[in-house]
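K.L.:
could you work out the structure for the sequence below:
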Amino acid sequence: MSSTHRRDLDELASRARDGRFTPLAGPHAYDPVAAEGYRQSGVLALFTPGSGQDVDLFLVQRSPLLRDHPGQIALPGGRIEPSDDGPIAAALRETHEETGIRPDRVTVLGALPPVLVPVSNFVVTPVIGWADDAIAADSIVPGEVLHTLRVSVDTMLDDSARAMVEMGGFRSHGFRLPTGWVWGFTGNLLAHLFEQLGWARPWDTQRVYRMTLDEAHGRSLITPED
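P.N.:
Next up is the predicted model:
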């Protein structure tokens, strides 16, 4: 039930504060030397009670016209601006802009260790949040987000929804949704997060989905009016 999920998230945030959280490894592992010159950002993994015993997660589908990660399904968030008091403030501000969910609706449980996204030169601090009654609205930043998605975590973790996504020699964890795949950095981060929370379930780790470049860039999402 959602109260159990909330306790799991609280415990995870406590481990992160105490230095007991296992950092994300692989291509996203934090390296202070490699991170020099990278842009700083924050993303919000915002959970809310779902149907029955489930818990939901808010995601956004980025515009296919953006320069960085066009068309991808991602956690809301973005670059830290001079007016932001660090990555948590940036994640909350960007989430409000992208989903309409106000910061006062979000209980920030904590932040995880920073990770790298080398393909776009970002240092990303993942922020864990909980909202008892969050209702997403339309993005208030035109041109950045196509949709806000409220996704069942139980559905994401079903064996049939999981695969390793391969594109251009890069392989990442993937979660299949009706509007496309969660893959790349977000796929790897969420797979690691679910493992650390103890929510992950057995799945066929040999299953591979080979993604085309058009899919990766969301070109099927572009309308003639764009």
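
K.L.:
can we go C-alpha only for contacts and neighbour counts from here?
P.N.:
Fine.

K.L.:
contacts only, for the residue lying closest to Leu213 once chain neighbours are set aside.
P.N.:
The spatially closest residue to Leu213, leaving aside those adjacent along the chain, is Met167, at 7.2 Å (Cα to Cα, 6 or more residues apart in numbering). By Cα atoms under 8 Å, 6 or more residues apart in numbering, the residues touching Met167 are 210-213, 216.

K.L.:
what is the nearest of those residues to Ala34?
P.N.:
Distance to Ala34 across those (Cα to Cα) is lowest for Ala216, with 25.3 Å.

K.L.:
what's around the closest one, how many residues?
P.N.:
Using other Cα atoms under 10 Å, Ala216 is surrounded by 20 other residues.

K.L.:
does it touch Gln72 like I think?
P.N.:
Yes - the criterion here is Cα atoms under 8 Å, and Ala216 meets it with Gln72 at 7.0 Å.

K.L.:
centroid-nearest residue for this structure?
P.N.:
Leu75 (3.0 Å; Cα atoms, centre = their mean).

K.L.:
burial count for the residue nearest to Gly50 when sequence neighbours are not counted?
P.N.:
Counting by Cα to Cα, 6+ apart, Asp56 is the residue found nearest to Gly50 once chain neighbours are left out, at 5.0 Å. Here the number of neighbours of Asp56 (other Cα under 10 Å) works out to 20.

K.L.:
name the element Asp56 belongs to?
P.N.:
Element membership of Asp56, judged by DSSP states H and E, is strand 55-62.

K.L.:
sheet-wise, list the partners of the next helix or strand after that strand with their directions.
P.N.:
With elements assigned by DSSP H and E, the helix or strand that comes after strand 55-62 is strand 73-74. Paired neighbours of strand 73-74 in the sheet (DSSP bridges): strand 55-62 (antiparallel).
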